[in-house]
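Novice: quick one: sequence plus predicted model below, questions after.
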Amino acid sequence: MTRFNAWNVIKNGLNGQSGWSRQWRDPEPKSNYDVIIVGGGLHGLATAFYLAKNHNIKNVAVLEKGWIGGGNAGRNTTIVRSNYMMPGNHEFYEHSLKLWENLSHELNYNVMFSQRAHVSLFHSPGARDSAARRYNVMRLHGTDAELWDLKTLKKKIPHLNYDDSRFPILGAAVQRRAGNARHDAVAWGYARAADSLGVDILQNCEVTGITRKNGSIESIQTSRGTIKGKKVGFAVAGNTSVLWQMAELGNLPIESHKLQAFVTESIKPLLDQVVVYGVGGAHFYISQSDKGSMVFGGDLDWYKSYAQRGNLPIVQDSAEAAMAILPCLGRIRLLRHWAGVMDMTMDGSFFICKTPISNLYLNAGWNYGGFKASPASGWYFADLIANENPHNYVHNHNLERFEKGINIDERGAGPDPKLHG
Ligand SMILES: Cc1cc2nc3c(=O)[nH]c(=O)nc-3n(C[C@H](O)[C@H](O)[C@H](O)COP(=O)(O)OP(=O)(O)OC[C@H]3O[C@@H](n4cnc5c(N)ncnc54)[C@H](O)[C@@H]3O)c2cc1C
């Protein structure tokens with residue numbers, strides 16, 4: 001692999017860009033691996049990278065049924081933040097944000113992480129109190145967090161709808177170190193870095209069957225042949241229940257729902273921050289991409305499905321939510337919208353845990369917040385697979401937590417997966 005550095009950029013600029021090697025190999029599957037990770041999204045790729053980098057486990061394959069980053073990894077609205085409050089979640093997401101801060105250097109790949117601030121509007125004194133509680137908890141943990149009053153908010157973002165919005169804006173809770181990254185670049189960066197450490201990335205390799213023997217997985221059937229692995233990790237996000245049933249494990253406390261994202265035509269710089277609001281049944285988040293497009297999203301499509309496409313009422317809902325907060329977008333043209341399949345859990349928190357099968361490990365339940373989590377998810381999933389013990393930050397993020405009454409319900413929304421955004 002040719003490293004990206006000033007010398008190689010200059011050299012290849014002079015020789016017609018002929019000296020760059022492939023970003024990652026396209027190997028044939030081997031018959032045996034130490035670890036097989038199913039799912040070539042961000043979580044699967046990050047896990048493979050940290051297995052090789054942190055634990056020196058390099059005989060690893062990532063099996064991806066399509067192309068890497070073709071799932072939620074390349075479909076999200078790229079918001080990265082760590083404004084979580086519950087024990088375990090807070091430490092996990094803060095570690096993730098710290099990994100994001102050095103990720104381009106770590107991977108030798110520009111993931112375009114832009115710490116432009118995450119501005120979460122509040123519209124009532126009650127919402128302000130609740131934001132103050134959450135952001136004070138963050139400060140007590142040493143995470144950056146601040147509250148902006150209306151005057152400060154107006155100065156920072158003058159063109160929000162302050163005058164006649166349906167729900168008056170009172171201020172905002174802000175995390176300045178939060179922001180956006182380029183999602184494809186993260187997938188490519190992890191793939192390239194993992195490959196350079198010896199990991200095989202096998203695209204067009206769909207897992208179609210799982211053979212069990214004496215309480216463990218003996219082999220995996222794929223569209224590219226049968227492959228054996230001493231350990232197997234699932235990191236297939238919205239398809240987790242499908243793989244779970246393939247392994248004859250029954251049902252999971254996960255529902256698969258669709259979430260849409262929207263991208264407009266490019267315009268001049270309009271919005272420097274990620275702006276979010278949720279009130280009166282509306283949920284909306286928006287930022288501006290480096291190319292100038294407005295990128296936004298809202299709620300789930302409200303019904304369960306494995307289809308990677310969305311329904312029209314949500315297009316209208318999201319457009320209305322956009323207009324409520326930024327009426328200046330009224331005449332902008334929507335270029336594209338699409339959907340991804342979200343692995344929504346009963347309490348809105350994730351699973352990084354062992355399973356009833358001795359050599360199978362589960363990484364799932366990212367709801368619609370798994371992009372920001374991907375570095376830490378890979379880090380702690382690799383740690384679990386390598387060391388067999390869940391790290392303290394994730395030791396409650398298992399399948400037994402509901403039986404034990406340890407719900408990690410960050411949003412306080414109750415046991416209805418579609419309410420956990
Ligand atoms: C519209 C939208 C907006 C979002 N916005 C944000 C956001 O702003 N911030 C944030 O933090 N998160 C966001 N998310 C959530 C985030 O994208 C996901 O939680 C995260 O990407 C899930 O992990 P992943 O990347 O590994 O999943 P995926 O990329 O979906 O990876 C799973 C992979 O498994 C593969 N697979 C499935 N079945 C098989 C099989 N049988 N064999 C082999 N491979 C298989 C799939 O093809 C897929 O590539 C958003 C998601 C969507 C859809």
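Specialist: Arrived safely.
Novice: just the pLDDT at the residue positioned nearest the centre of the chain, thanks.
Specialist: Centroid-nearest residue in the chain: residue 371, 1.6 Å away (criterion: CA atoms, centre = their mean). Residue 371 is assigned a predicted lDDT (pLDDT) of 98.
Novice: same deal with the one 5 residues further on?
Specialist: We have a pLDDT of 98 for residue 376.
Novice: so which strand or helix has it?
Specialist: According to DSSP states H and E, residue 376 maps onto helix 370-387.
Novice: only the buried residues of that helix, if you could.
Specialist: Judged by neighbour count using 16 or more other CB atoms under 10 Å, the buried positions of helix 370-387 are 370-386. From N, CA and C alone the C-beta is placed, and that goes for glycine too.
Novice: please state the offset of it from the chain centre?
Specialist: Centroid separation for helix 370-387 versus its chain: 12 Å, with CA atoms, centre = their mean, to the nearest Å.
Novice: that one packs against which elements?
Specialist: helix 42-55, strand 79-80, helix 89-101, helix 183-196, strand 225-234, strand 351-354, strand 360-364 (3 or more CB pairs under 8 Å, 6 or more residues apart in numbering; DSSP states H and E).
Novice: need these in TSV with mean pLDDT and distance to residue 214, can you?
Specialist: Below are those laid out as TSV (pLDDT from 0 to 100; distance: least, CB to CB, whole Å):
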stretch	mean pLDDT	distance to residue 214
helix 42-55	98	25
strand 79-80	98	42
helix 89-101	98	34
helix 183-196	98	31
strand 225-234	98	14
strand 351-354	98	17
strand 360-364	98	13
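Novice: is it possible to get CSV of those that adds mean neighbour count and distance to the ligand?
Specialist: Listed next are these as CSV, based on neighbours: other CB atoms under 10 Å; distance: least, CB to the nearest ligand atom, whole Å:
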stretch, mean neighbour count, distance to the ligand
helix 42-55, 27, 3
strand 79-80, 25, 3
helix 89-101, 21, 9
helix 183-196, 24, 7
strand 225-234, 20, 9
strand 351-354, 24, 12
strand 360-364, 27, 8
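Novice: nearest to residue 293, of those?
Specialist: Evaluated over those, closeness to residue 293 peaks at helix 183-196, with 13.6 Å, by CB to CB.
Novice: the closest one to helix 42-55, inter-axis angle?
Specialist: Helix 183-196 runs at 40 degrees relative to helix 42-55, counting by axes from the mean of the first three to the mean of the last three CA atoms, to 10 degrees.
Novice: and the stretch 51-200 of the chain, which residues reach the ligand?
Specialist: 63-66, 70-73, 75-79 (CB under 6 Å from any ligand atom).
Novice: redo those residues as a markdown table? Include secondary structure.
Specialist: Shown next, in a markdown table, are those (DSSP: H, G, I helix; E, B strand; the rest coil):
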| residue | secondary structure |
| --- | --- |
| 63 | strand |
| 64 | coil |
| 65 | coil |
| 66 | coil |
| 70 | coil |
| 71 | coil |
| 72 | helix |
| 73 | helix |
| 75 | coil |
| 76 | coil |
| 77 | coil |
| 78 | coil |
| 79 | strand |
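Novice: pull out the buried members of those residues.
Specialist: Using 16+ other CB under 10 Å, the buried members of those are 63-65, 70-73, 75-79.
Novice: host element of residue 249?
Specialist: Assessed by DSSP H and E, residue 249 sits outside every helix and strand.
Novice: what about the residue lying closest to it once chain neighbours are set aside, distance to the ligand?
Specialist: In space, and not counting its chain neighbours, residue 249 is closest to residue 356: 6.2 Å by CB to CB, 6 or more residues apart in numbering. For residue 356, the distance to the ligand equals 19 Å [CB to the nearest ligand atom, to the nearest Å].
Novice: for the stretch 251-400 of the chain, just list every one of the helices.
Specialist: Taking DSSP state H, counting those that start in this stretch, the helices of the stretch 251-400 of the chain run over residues 312-325, 370-387.
Novice: got the contact list for residue 229?
Specialist: 32-36, 61, 217, 220, 359 (CB atoms under 8 Å, 6 or more residues apart in numbering).
Novice: how many other residues sit next to whichever residue of the stretch 1-150 of the chain sits closest to the ligand?
Specialist: In the stretch 1-150 of the chain, the residue that lies nearest the ligand is residue 41 (2.0 Å; CB to the nearest ligand atom). When neighbours are defined as other CB atoms under 10 Å, residue 41 has 30 of them.
Novice: that one is in contact with residue 71, isn't it?
Specialist: Yes. Using CB atoms under 8 Å, residue 41 is in contact with residue 71, at 4.7 Å.
Novice: give me the common contacts of these two.
Specialist: Among the neighbours of residue 41, those also in contact with residue 71 (CB under 8 Å, 6+ apart) are 236-237.
Novice: just the local confidence number for residue 150, please.
Specialist: 97.
Novice: what's the nearest residue to it if we skip its chain neighbours?
Specialist: Nearest to residue 150 is residue 171, by CB to CB, 6+ apart, at 5.3 Å.
Novice: residues near the one you found, how many?
Specialist: Counted by other CB under 10 Å, the residues lying close to residue 171 total 21.
Novice: residues contacting it?
Specialist: 121-122, 128, 147-150, 152-153 are the contacts of residue 171 under CB under 8 Å, 6+ apart.
Novice: mind redoing it with 10 Å?
Specialist: With contact taken as CB atoms under 10 Å, 6 or more residues apart in numbering, residue 171 is in contact with 119-123, 127-128, 131, 147-154.
Novice: show only the entries of the residues you listed found in helices.
Specialist: Those of the contacts of residue 171 mapping onto helices are 127-128, 131, 150-154, per DSSP state H.
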